[in-house]
Structure formats: C-alpha cells, structure tokens
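> sequence first, predicted coordinates after that:
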Amino acid sequence: LGLKRLIFATNYRDGLLRSYFGTGQTLGVDISYCKENRPMGTVGPLHLVADQLPQSFLVMNGDILTDLNYRTLLENHKQSGQLLTLGTYERRLQIGDGVLDIDGVGCVSAFREKPTIPLTISLGAYAMDRAILDLIPEGLPFGMDELVLSMLERNLPVNTFHHDGMWLDIGTPGDLERANELFSSRRKSFLGIDPATLLAPNDTPQSTASANPTEGVCV
C-alpha cells in the first residue's frame, strides 16, 4: 500500500479491532488507536489526534474496498495547494422507467427509455492539510459532507482526484460477501505487494514487507 502509519478512529467493537490488528507489526505498518466516547463522524475525530498529524495526511472510510493509488492521491493533493482533496468515482445510475423532459408549456420535449445517468460520487478517501482543523468544530460530531458544504459556503476550493479503477462501498451483508470474494481473488492488486510476504495478524513476524512507503504519510 505504501503506507507507514495508520490511526484507527474507533467506537463500536474497539476491543475486537485492537485484538485483531494489534500494533500492525505483522503487517509492516504502525497502527495506533483513537477511541471516540461517542460517534464523531468522518472528520470529527481529527481533533483527538491533532498532535499526531503531519502537514499532509490521508483520511479513509473503513467500509470501502478499492485499488486506489493512495500515493498518487496524496501527491495530487500536495500539488493542488488546497486544504482538501476528495477522491471521486463515477457511478452509473440505471433509471427503470421512461424519463420525460417537459417544456415550458407542458409538452414533452424529449423521451428517454430507461436511461443510464453518470454521477460523480465521493469514494470515501480524502487528502488534507493540517490547516483543515480550523474548519472542523472541536469536540462535536462532524461529517465530510458538513465540511465540504462549509468550505463551499466560504468560497474555499475543494480539489478532486478521480479514480477509474475498482471501488466498492461495503454497506450491506451482500456487499461484504462480494468484497471478501474480490479481495481473495485480487489481493495483490489491493495490497500493492505480494500477499505471500505478509503474515496474518497476531502471527509471529519473521520479516516485514515494504511497498516503498511514502515518507511522512499518516492515515
């Protein structure tokens, strides 16, 4: 993955996550934990670890599976000079009915039978600069949607980085089953390294693997 250090913001099942991932030694990374006393949203927990954040860092949702190149996302963000970069993805929405366009006098001007509409969505991976903390209320739940809307209201630009590869939002049991199947069949493309060099969490490490980690990256 090219990542060196990860901070997990946890709440529900905190102990289970710590027990499974531990310090990250067997995975070749350094993992620390930040337990929320209550759900703090996507970016609310950042104030809890403010003293651990480098100048530029990544934030990710924990329920996505993607082969996004995080190094390229971070480099794009740094080059943009903006406070926030959203990873984006195109989803095609299939409309199951005929769609009408109506003109000003109530007549049909166009008809599209079950069209597919492309939509650009946020894929749940972000790059930020430390100064973004000034826009996030401390001690309160705060979501990425609220942050973006706040920035737009202040006329602050929000950079984007488009991903054309694989992405899956794991929002249902069916999505989880599909994610497990995809990960099992394409582990190398997701991990960026040969999975045979990795140990399962809690195994005794004999060697660690590196994917040319990006210096200074904190997730």
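Okay, I see it.

> pLDDT of the longest strand along the chain, averaged?
Counting by DSSP state E, the longest strand found in the chain is strand 116-129. Here strand 116-129 scores 96 as its mean pLDDT.

> just checking: what are the partner strands of it?
Counting by DSSP bridges, the strands paired with strand 116-129 are strand 56-60 (antiparallel), strand 84-94 (antiparallel).

> what lies in contact with the longest one?
Spelled out, it's strand 84-94. With contact meaning C-beta atoms under 8 Å, 6 or more residues apart in numbering, strand 84-94 is reached by 68, 73, 76-77, 114, 116-129, 132, 147-148, 151, 158-164, 167. Backbone N, C-alpha and C define where each C-beta goes, glycine included.

> state the mean pLDDT of the next helix or strand after that strand.
Per DSSP states H and E, the first helix or strand lying C-terminal to strand 84-94 is strand 98-102. When pLDDT is averaged over strand 98-102, the result is 96.

> now swap in stretch 167-183 and tell me
Rounded mean pLDDT across stretch 167-183 is 92.

> now do the top helix by length along the chain: distance to the chain's middle.
Secondary structure of the chain per DSSP state H: the longest helix is helix 173-185. Mean-position distance between helix 173-185 and its chain equals 17 Å (C-alpha atoms, centre = their mean, to the nearest Å).

> then stretch 177-196?
The answer for stretch 177-196 is 17 Å, by C-alpha atoms, centre = their mean.

> with stretch 135-155 instead?
So, by C-alpha atoms, centre = their mean, the centroid of stretch 135-155 is 17 Å from its chain's centroid.

> and what of stretch 118-135?
That offset, for stretch 118-135, works out to 9 Å (C-alpha atoms, centre = their mean).

> and it, what's buried?
By 16 or more other C-beta atoms under 10 Å, the buried positions in stretch 118-135 come out as 122-129, 132, 135.

> just to revisit the earlier point, want to throw the strands paired with strand 116-129 into JSON lines with mean pLDDT, distance to S109 and mean neighbour count?
Formatted as JSON lines, these follow (pLDDT from 0 to 100; distance: least, C-beta to C-beta, whole Å; neighbours: other C-beta atoms under 10 Å):
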{"stretch": "strand 56-60", "mean pLDDT": "96", "distance to S109": "44", "mean neighbour count": "20"}
{"stretch": "strand 84-94", "mean pLDDT": "95", "distance to S109": "22", "mean neighbour count": "17"}
